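Visitor: Sequence plus the predicted model coming up.
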Amino acid sequence: MQVTLPDGKVLELSDGATGTDAALAIGPGLARAALAITVNGEQRDLDRPLEDGAEIGIITERSDEALELIRHDTAHVLAAAILDLYPGTKIAIGPPIENGFYYDFQFPDGVVLNDADFATIEAKMKEHVSADERFAREDVSVAVALERFKAEDQPYKVELIEDLVKNAPADAPVETVSLYTNGPFTDLCRGPHGPGTKRIGAFKLQSIAGAYWRGDSDRQQLVRIYGTAFFKKKELTAHLERLELARQRDHRKLGKELGLYHFSEAAPGSAFWTPSGTRIFNELVALSREMGDDRGYTEVKTPQLFDASLWKTSGHWDKYRDDMFLTSTHDHGTEDEDGVTIEPTMGFKPMNCPGHYELYRQTRWSWRDMPVRFSEPGLLHRNELSGALHGLMRVRQFCQDDAHLFVMEDQIQDEVTACLRFAQDTYDLFGFDAADFTYELSTRPENRLGSDEMWDKAEGDLRTALENNGLPYVVHDGDGAFYGPKIDIQFRDSLGRSWQLGTVQIDYQAPERFDLVYTGADNSDHRPVVLHRALLGSYERFIGILLEHTGGELPFWLQPAHVTLLTVSDRHADAAHAIAKELKGAGLRVVVDGRTETVGRKIRETELAKVPLMAVIGDTEAEAHTLTLRHHGGREEPAAPVADVAARLGSAVRERTALEAGEPAQP
């Protein structure tokens, strides 16, 4: 037979050759390094036979797919160890996930696991790894598999097989399933797997959580054990160090330590912002307004609650209803014979777009008015599952730096380009590096509105904008919104994690559904095109990302307090407040710490609060009206007149630039 390698070369093999044979034919070194093989884009085990004419690629430790492969292997090793240690455990599913794997278990009555049990479980896992147990695949009939797992009292495996059969299309019934065995453990699994357990270099169990079977809160609650695996111990160590740094930088921890916000069961999933947190929030909103004003955006304000008819027109009622908070009013609603409302007829807005469409069509627009750019720091609500809530990153109430542009078709390229440049201008203010950004083009999903011709045009519009601006991008097939494709801007933070910040989306559907028009130069009605645009995303989530990226040391201009003045004694309070007044007059946010604590304690507490600058006010400062600034971290500047300090720092705040420090004091 013949197979084709990634470089286009044709490899001659004997009939019935496997992936292992192909690797050996290329070279013994590759055969030793091989983990699995891709056959016409599908990952397979090395010992499965190849087909004549197939396009193949050997997966090794250096391949992108390699870590996912051995993490899947490790999940099976975990399950094997659990069954060794806790006979009678029911096993559910154990997939690889980003940065690791998990496996779900139902333990026998009386068995309660916690982190202290990890050492015992890991020791048993190491026995399976050291034994270099081969991952052996066996394809068996559905009847044989069901009989096996019923005999082993593994009901979750039985249900998975039955569902595979039940949900299979009529023209492709499921007649066989694949089982994988390593050592004494056999699991229902599609595969693939590596050659044996010893290819797992290093692993670590990380946490325990609860998880409902099939994600259904009405089903059995299982115990989920999370872990991760790498080829080398040093890679695992580096990963664990990054996780520890991420834990120290967790925005929930920093938000509490810095006194920025808190959460309460009085309003689950909604942040309560303290005065310090509110200053940060308001600075970001002010930034959006100021930069939008310079770029021709007009701020609008739309209601929180809309009649269901608006959501039905937009398409959200059918596609987004489960994620909305719904209600009814006394004068609207479907009522039963007892007068009880049984059908909600109003929805709190989870996005601003339909309100902007309604506002747009209240005015008769001309081609001379185009583009019309509406912005709104709108308060939004989404009915997120309680288990999905995560600090500021996933909330039920949030505010978005949202905008909708109503443009003529020949304005699309200019406006998309302007949005992308607006985004980069915004990110530059936070000191982000352009190299930390990537662009993703998300194309038509399966469940969508509009014709293929419309999607072809919209996707082409965005592709052209990216290429004309020299922005490299990756395509995410099927990940667009139901109404149109989008460009998503991904940011890689200082911990190497990727976050979505901005988005630009093209929508040809809304103008049709809402009958939006403008009068063209020919005095006829024409349809505008809608561009959806957000740059920071939600302010809440952006603050969370920024806290973790900076470790709480925010850009100087964004700090809730720029300077803390520490009095030596009560008699210096008047001088401190006079200096604070002058600094505030330059636009600085200043705190006077006049407590009767020692100066040393005040310094330590100001350091912990990550205030960027502090100055001690004693006799010298009070008499000379000077400041000796101490930076967060301990470096001092030479004494300088208050007026000079106010001018320099005030300029940094007004211009939203990094703080330029004075010359350090000489020892």
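Guide: Cool, the structure landed. Only a predicted model underlies this, so the values are computations on that prediction, with no experimental measurement involved.
Visitor: burial count for the spatially closest residue to Leu284 that is not a sequence neighbour?
Guide: Using Cβ to Cβ, 6 or more residues apart in numbering and skipping residues adjacent in sequence, the residue nearest Leu284 is Tyr539, 5.2 Å away. All C-beta atoms are positioned from the backbone trio N, CA, C, and that covers glycine. The tally of other residues near Tyr539 (other Cβ atoms under 10 Å) stands at 22.
Visitor: gap between the residue nearest to His262 when sequence neighbours are not counted and His532?
Guide: Spatially, and ignoring its direct neighbours in sequence, His262 is nearest to Phe272 (5.3 Å; Cβ to Cβ, 6+ apart). Using Cβ to Cβ, to the nearest Å, Phe272 is found at 29 Å from His532.
Visitor: Quick check on these two: which one has the bigger neighbour count.
Guide: Between Phe272 and His532, His532 has the larger neighbour count (other Cβ under 10 Å), namely 23 against 12.
Visitor: Residues in contact with the host helix or strand of Leu583: which ones?
Guide: Using DSSP states H and E, Leu583 falls within helix 573-585. Helix 573-585 is contacted from outside by 562-563, 565, 567, 590, 592, 594, 617, 621-622, 625, 627, 642-643, 645-646, 649-650, using Cβ atoms under 8 Å, 6 or more residues apart in numbering.
Visitor: What count of nearby residues applies to the closest residue in space to Leu46 that isn't next to it in sequence?
Guide: In space, and not counting its chain neighbours, Leu46 is closest to Gly19: 4.0 Å by Cβ to Cβ, 6+ apart. Per other Cβ under 10 Å, the neighbour tally for Gly19 reads 28.
Visitor: Next: Asp525.
Guide: By other Cβ under 10 Å, the residues close to Asp525 number 11.
Visitor: partner residues bridging it?
Guide: Thr519 (DSSP bridges).
Visitor: Which residue ranges of the stretch 501-650 of the chain form strands?
Guide: Here the stretch 501-650 of the chain has its strands, by DSSP state E, counting those that start in this stretch, at 518-519, 525-526, 529-538, 563-567, 590-593, 613-617, 626-627, 630-631, 640-641.
Visitor: now what about the fourth one, what contacts it?
Guide: When you say that, I think you mean strand 563-567. Here strand 563-567 makes contact (Cβ under 8 Å, 6+ apart) with 573, 576, 579-580, 583, 588-594, 599, 602-603, 606, 609, 611-618, 629, 649.
Visitor: before we move on, what about the second one?
Guide: Contact partners of strand 525-526, identified using Cβ under 8 Å, 6+ apart, comprise 367, 408, 517-520.
Visitor: In contact with Val645, which residues?
Guide: 583, 627, 629.
Visitor: now, which of those sits nearest Gly201?
Guide: Comparing the contacts of Val645 against Gly201 with Cβ to Cβ places Leu629 closest, at 49.9 Å.
Visitor: Skipping adjacent residues, who's closest to the closest one in space?
Guide: Glu637 (4.5 Å).
Visitor: From the contact counts, what lies against the helix or strand hosting the residue nearest to His262?
Guide: Secondary structure from DSSP H and E places Phe272 in strand 271-273. Secondary-structure packing of strand 271-273 (3 or more Cβ pairs under 8 Å, 6 or more residues apart in numbering; DSSP states H and E): strand 261-263.
Visitor: Apply 10 Å and report the result again.
Guide: Using 3 or more Cβ pairs under 10 Å, 6 or more residues apart in numbering; DSSP states H and E, the elements in contact with strand 271-273 are strand 261-263, helix 275-294, helix 539-550.
Visitor: average pLDDT across stretch 260-273?
Guide: Per-residue pLDDT over stretch 260-273 has a mean of 95.
Visitor: shaky segments in the protein?
Guide: 330-342, 661-667 (pLDDT under 70).
Visitor: What's the local residue count around Pro555?
Guide: Pro555 has 18 nearby residues by other Cβ under 10 Å.
Visitor: actually Val177, not the one I wrote
Guide: Neighbours of Val177 using other Cβ under 10 Å come to 21.
Visitor: partners of the strand or helix carrying it, with directions?
Guide: Here Val177, judged by DSSP H and E, is contained in strand 176-182. Strand 176-182 has the following strand partners under DSSP bridges: strand 136-141 (antiparallel), strand 185-188 (antiparallel).
Visitor: For it, list the C-alpha coordinates in CSV.
Guide: What follows is strand 176-182, C-alpha atoms only, in CSV (Å, rounded to 0.1, in the frame of the first residue of the first chain):
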residue,chain,number,x,y,z
THR,A,176,-19.8,-2.0,18.0
VAL,A,177,-18.0,0.1,20.6
SER,A,178,-14.4,0.3,21.5
LEU,A,179,-12.9,-0.7,24.8
TYR,A,180,-9.4,0.2,26.1
THR,A,181,-7.5,-1.9,28.7
ASN,A,182,-4.5,-1.0,30.7
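Visitor: Stretch 420-439: which residues count as buried?
Guide: 420, 422-424, 426-427, 429-430, 432, 437, 439 (16 or more other Cβ atoms under 10 Å).
Visitor: coming back round to it: and the strands of the stretch 501-650 of the chain: which comes nearest Asn182?
Guide: Nearest to Asn182, of all the strands of the stretch 501-650 of the chain, is strand 529-538, at 43.4 Å by Cβ to Cβ.
Visitor: Tell me how far the closest one lies from the chain's centre.
Guide: 17 Å (Cα atoms, centre = their mean, to the nearest Å).
Visitor: Over to stretch 208-218?
Guide: 22 Å.
Visitor: Please spell out which residues along that stretch are buried.
Guide: Neighbour-count burial for stretch 208-218 flags 211, 213 (criterion: 16+ other Cβ under 10 Å).
Visitor: end-to-end on that stretch?
Guide: Chord length of stretch 208-218, first to last residue, is 21 Å (Cα to Cα, to the nearest Å).
Visitor: Residues touching it, excluding its own?
Guide: By Cβ atoms under 10 Å, 6 or more residues apart in numbering, the surrounding residues in contact with stretch 208-218 are 90, 92-93, 102, 104-106, 113-115, 117-118, 155-156, 159-160, 163, 219-226, 385-387.
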